[in-house]
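A.B. asks: Sharing a sequence plus its predicted fold:
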Amino acid sequence: MRIIVAALCIALLPVEAVTATAPEASAVVHEKVLDNGLKVLVKRDDRAPIVTSQVWYKVGSSYEFGGFTGVSHVLEHMMFKGTENLEPGEFSRIIAANGGDENAFTGRDYTAYFQTMAADRLAVSFELEAERMRRLSLPKEEFLKELEVVKEERRLRTDDDPESLTFEQFNAAAYEASPYRSPIIGWASDLDSMQVGDLRDWYRQWYAPNNATLVVVGDVDPEQVFALAEQHFGPLHPEQIAAPKPRAEPKQRGEKRLTVKAPAKEPYLIVGYKTPALGHAEADWEPYALEMLASVLDGGSSSRLSRELIRKQRVAASAGASYNAFTRLPGMLLLSGSPAKGHSLADVEQALLAQIQRLRTSPVADDELARIRAQLISAKVYEKDSVFYQAMQLGQLETVGLGWELTDDYVARLSEVTPAQIQAVAQKYLTEDARTVAMLEPQPLGDHQQRAAVNLGGHANVR
C-alpha cells in the first residue's frame with residue numbers, strides 16, 4: 001500500500017509544482033537524456049490545464065521471432081497486473097482516483113503506455129510508470145488468466161472476423177523474411193505454448209530506461225518535468241540492449257495471389273504493393289509522394305476511389321487505400337474493397353488496378369492535387385489540437401528511429417510533392433511483380449459466426 005499513499009500525496013501538491021507560469025503555449029520540443037539512457041521529450045501546450053504522459057518502448061511484434069509471437073502484446077496486458085509494490089489492477093485504480101484516463105497499445109515497432117490527467121497530477125503518472133518499468137512482478141496465476149483474455153481477443157477480432165483473418169493471411173503470404181508477416185496478437189499456436197518465463201525474459205530484455213522514450217505534452221514547464229523525471233526514473237538501472245537482427249525482405253519477383261475461405265457475409269479484396277518507408281527509400285521524397293498518392297486515391301469523399309468506384313461506376317460497396325511512411329521497416333501501400341450488388345471481386349480488382357494504371361500513365365492534375373494536399377495537410381494540422389496526438393507523433397517518430405525532429409518538416413515536405421513525383425513512385429513501386437492479392441471467398445455462416453458478426457459491427461477496410 002505504500003505507493004498508493006505516496007502517489008495520492010504527490011497529487012495534492014500545488015499546481016505550481018508542475019505547471020508553467022508563462023501564459024502562451026510554445027511549439028518548441030525540449031529534450032533531455034538522463035544518465036541511465038531514458039530520453040525525455042517535453043512540449044508545452046497551455047490551452048487547457050491537462051497533460052498527456054506517454055512511455056514508448058522500442059519493442060513490438062517485429063522484434064519477435066518464430067514460435068515466440070504475441071509476447072509483446074501479452075506483456076502489455078501484464079503491465080497492469082501488479083509490481084513489487086502494486087497489487088493487480090492497482091495502477092489503474094490510482095489513475096482513476098486522480099481523475100485520469102490511461103491505456104496502452106502494442107504495434108509492430110513499439111509498445112506504448114499513456115495517461116491523460118490534470119497537469120498537477122503528472123507526478124502520479126511518473127511514479128507509477130517508473131514502478132512498472134523495472135519492477136513488474138508477473139505472477140503466474142495472473143499470466144494464465146490474462147493469456148486466456150488474449151486468446152479470446154484473438155478469436156473475436158481475428159478468427160471470427162473474416163476481413164481481419166484475410167488481412168492476417170495476406171501479410172503472411174506477402175512478406176517472406178520481414179517480421180511484419182506475423183500478427184501483432186500472435187499466432188494461436190504460439191499463444192498456446194507461451195509460458196510466463198517467456199514474458200519475464202522479454203520484459204528484462206526490453207523494458208529498460210535506455211530502451212524507452214518518455215513524452216510529455218500539456219500545460220507543464222519543461223525544466224520541472226525534467227526534474228520530476230530525474231526523481232522518479234533517474235534511479236532505474238539500464239539494460240544491455242542488443243539491436244534486433246535486420247531480417248530484410250528480399251525483392252519480390254512476381255505477383256502473389258491467395259484465396260481465403262472463411263464464414264463471411266460479403267467477399268473482400270486486398271491488394272498490396274511493396275513500398276519503402278522513410279529512411280529506406282532511394283530518394284528521401286519518395287515516401288512523401290507515396291503518402292500523397294494514397295490520399296489521391298482515398299483522401300475523403302472527393303477522392304478517386306470514392307468518386308469513381310463507389311458513386312460513378314457503382315462497382316464497389318466500399319474501397320480504401322492506405323500507406324504509412326513512419327515504420328521501422330519497409331511496408332506496403334494497401335488497397336481494399338468489397339463489391340457492390342451485381343458485381344464480383346474480379347470487377348473490384350479490375351477497377352482498382354485501373355486506378356493504379358491511371359496514376360502510372362497520367363500525372364495528377366494541379367487542381368486535384370491542390371485539393372487533396374489541402375485536405376491532408378489540414379488533417380495533420382488539426383491533430384495538433386490534441387495534446388494526445390502531439391505526443392503520439394513525437395513518440396512514434398522517435399521510437400521507429402526517424403527522430404522527433406521530423407514533426408517540424410513533415411507538412412512542408414508534403415507541400416513540396418509534385419504531380420511528376422507521384423507518377424514516378426507509381427511507375428517505380430506499383431508494379432505487378434511487387435503486388436500481392438488476397439481474396440476472401442465467403443463460406444456459409446453458422447450460428448457462432450452470425451453472433452460474432454453482430455458483436456463486431458462495422459470496421460475499416462484497410463488496417
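C.D. replies: The structure has been received and is ready for your questions.
A.B. asks: which residues sit against stretch 238-253?
C.D. replies: With contact meaning CB atoms under 8 Å, 6 or more residues apart in numbering, stretch 238-253 is reached by 36-37, 62-63, 175-180, 204-206, 208-211, 274, 329-330, 433-434, 436. Using the backbone N, CA and C atoms, a C-beta is placed for each residue, glycine as well.
A.B. asks: Span of stretch 429-443 from start to end?
C.D. replies: Stretch 429-443 has an end-to-end distance of 34 Å (CA to CA, to the nearest Å).
A.B. asks: Report the buried residues of that stretch.
C.D. replies: By neighbour count on 16 or more other CB atoms under 10 Å, the buried set for stretch 429-443 is 429-430, 434-440.
A.B. asks: next one: stretch 310-327
C.D. replies: Within stretch 310-327, the residues scored as buried using 16+ other CB under 10 Å are 310, 315-316, 318-327.
A.B. asks: Select, from these, the two members most distant in space.
C.D. replies: Farthest apart among those by CB to CB are 315 and 326. That separation is 32.1 Å.
A.B. asks: Which one of the buried residues of stretch 429-443 is nearest to residue 397?
C.D. replies: Nearest member of the buried residues of stretch 429-443 to residue 397, counting by CB to CB, is residue 429, at 22.5 Å.
A.B. asks: these two touch, right, the closest one and residue 277?
C.D. replies: No. Between residue 429 and residue 277 there is no contact under CB atoms under 8 Å: 11.8 Å.
A.B. asks: quick one, domains of the protein?
C.D. replies: Structural domains assigned to the chain are 2-233, 256-456, following automatic domain parsing.
A.B. asks: Please tabulate the ones you listed in CSV, including the columns mean pLDDT.
C.D. replies: Converted to CSV, the domains of the chain look like this (pLDDT from 0 to 100):
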stretch, mean pLDDT
domain 2-233, 91
domain 256-456, 94
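A.B. asks: Distance to residue 239 added to the ones you listed, as a markdown table?
C.D. replies: Shown next, in a markdown table, are the domains of the chain (distance: least, CB to CB, whole Å):
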| stretch | distance to residue 239 |
| --- | --- |
| domain 2-233 | 4 |
| domain 256-456 | 16 |
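A.B. asks: right, and the helix or strand after the one helix or strand residue 369 maps to?
C.D. replies: Element membership for residue 369 (DSSP states H and E) is helix 366-382. As assigned by DSSP H and E, the chain's next helix or strand after helix 366-382 is helix 387-399.
A.B. asks: Now whatever helix or strand comes next after that next one: buried residues?
C.D. replies: Following helix 387-399 in sequence order, the next helix or strand is helix 410-415 (DSSP H and E). Going by neighbour count (16+ other CB under 10 Å), the buried part of helix 410-415 is 410, 413-414.
A.B. asks: Can I get stretch 168-179 in PDB, CA atoms only?
C.D. replies: The C-alpha trace of stretch 168-179 is given here as PDB (Å, rounded to 0.1, in the frame of the first residue of the first chain):
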ATOM      1  CA  GLU A 168      -3.500 -11.800 -41.400                       C
ATOM      2  CA  GLN A 169      -3.200 -14.400 -44.200                       C
ATOM      3  CA  PHE A 170      -2.400 -11.700 -46.700                       C
ATOM      4  CA  ASN A 171       0.600 -10.500 -44.600                       C
ATOM      5  CA  ALA A 172       1.900 -14.000 -44.100                       C
ATOM      6  CA  ALA A 173       1.900 -14.500 -47.800                       C
ATOM      7  CA  ALA A 174       3.100 -11.100 -48.900                       C
ATOM      8  CA  TYR A 175       6.200 -11.000 -46.700                       C
ATOM      9  CA  GLU A 176       8.900 -13.700 -46.800                       C
ATOM     10  CA  ALA A 177      11.500 -12.600 -44.300                       C
ATOM     11  CA  SER A 178      10.200  -9.400 -42.800                       C
ATOM     12  CA  PRO A 179       8.800  -9.800 -39.300                       C
END
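A.B. asks: now what about it, what contacts it?
C.D. replies: With CB under 8 Å, 6+ apart as the test, stretch 168-179 has contacts from 61-65, 108, 158, 180-183, 247-250, 252, 256, 258, 260, 270, 272, 274, 329-330, 332, 436, 438.
A.B. asks: how big is the angle separating the helix holding residue 369 from helix 387-399?
C.D. replies: Orientation of helix 366-382 against helix 387-399 (axes from the mean of the first three to the mean of the last three CA atoms, to 10 degrees) gives an angle of 100 degrees.
A.B. asks: Now tell me what touches helix 366-382 from outside.
C.D. replies: Residues outside helix 366-382 that contact it (CB under 8 Å, 6+ apart): 291-292, 295-296, 299-300, 302-303, 364, 410-411, 414-415, 417, 419, 422.
A.B. asks: Wait, residue 73 touches residue 106, no?
C.D. replies: Yes. Assessed by CB under 8 Å, residue 73 is found in contact with residue 106 at 4.3 Å.
A.B. asks: now the helices for the stretch 51-200 of the chain?
C.D. replies: Taking DSSP state H, counting those that start in this stretch as the criterion, the stretch 51-200 of the chain carries its helices at 71-78, 90-97, 122-134, 140-154, 162-174, 188-193, 196-206.
A.B. asks: As a markdown table, those helices with mean neighbour count and distance to residue 115 would be great.
C.D. replies: Formatted as a markdown table, the helices of the stretch 51-200 of the chain follow (neighbours: other CB atoms under 10 Å; distance: least, CB to CB, whole Å):
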| stretch | mean neighbour count | distance to residue 115 |
| --- | --- | --- |
| helix 71-78 | 24 | 15 |
| helix 90-97 | 18 | 6 |
| helix 122-134 | 24 | 4 |
| helix 140-154 | 15 | 20 |
| helix 162-174 | 22 | 29 |
| helix 188-193 | 15 | 28 |
| helix 196-206 | 17 | 20 |
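A.B. asks: could you redo the ones you listed as JSON lines and give each row distance to residue 373?
C.D. replies: Listed next are the helices of the stretch 51-200 of the chain as JSON lines, based on distance: least, CB to CB, whole Å:
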{"stretch": "helix 71-78", "distance to residue 373": "36"}
{"stretch": "helix 90-97", "distance to residue 373": "40"}
{"stretch": "helix 122-134", "distance to residue 373": "37"}
{"stretch": "helix 140-154", "distance to residue 373": "38"}
{"stretch": "helix 162-174", "distance to residue 373": "29"}
{"stretch": "helix 188-193", "distance to residue 373": "43"}
{"stretch": "helix 196-206", "distance to residue 373": "39"}
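A.B. asks: Would you mind listing the buried residues in stretch 63-73?
C.D. replies: 63-64, 68-73.
A.B. asks: just stretch 226-234 next, same as before
C.D. replies: Within stretch 226-234, the residues that count as buried by 16+ other CB under 10 Å are 226, 228-230, 232-233.
A.B. asks: Tell me which two in the residues you listed are the farthest apart.
C.D. replies: Using CB to CB, the two most remote members of the buried residues of stretch 226-234 are 226 and 232, lying 11.4 Å apart.
A.B. asks: centroid residue for this protein?
C.D. replies: residue 107 (5.0 Å; CA atoms, centre = their mean).
A.B. asks: Excluding chain neighbours, what is closest to it?
C.D. replies: Nearest residue to residue 107 in three dimensions, chain neighbours excluded: residue 60, at 4.9 Å (CB to CB, 6 or more residues apart in numbering).
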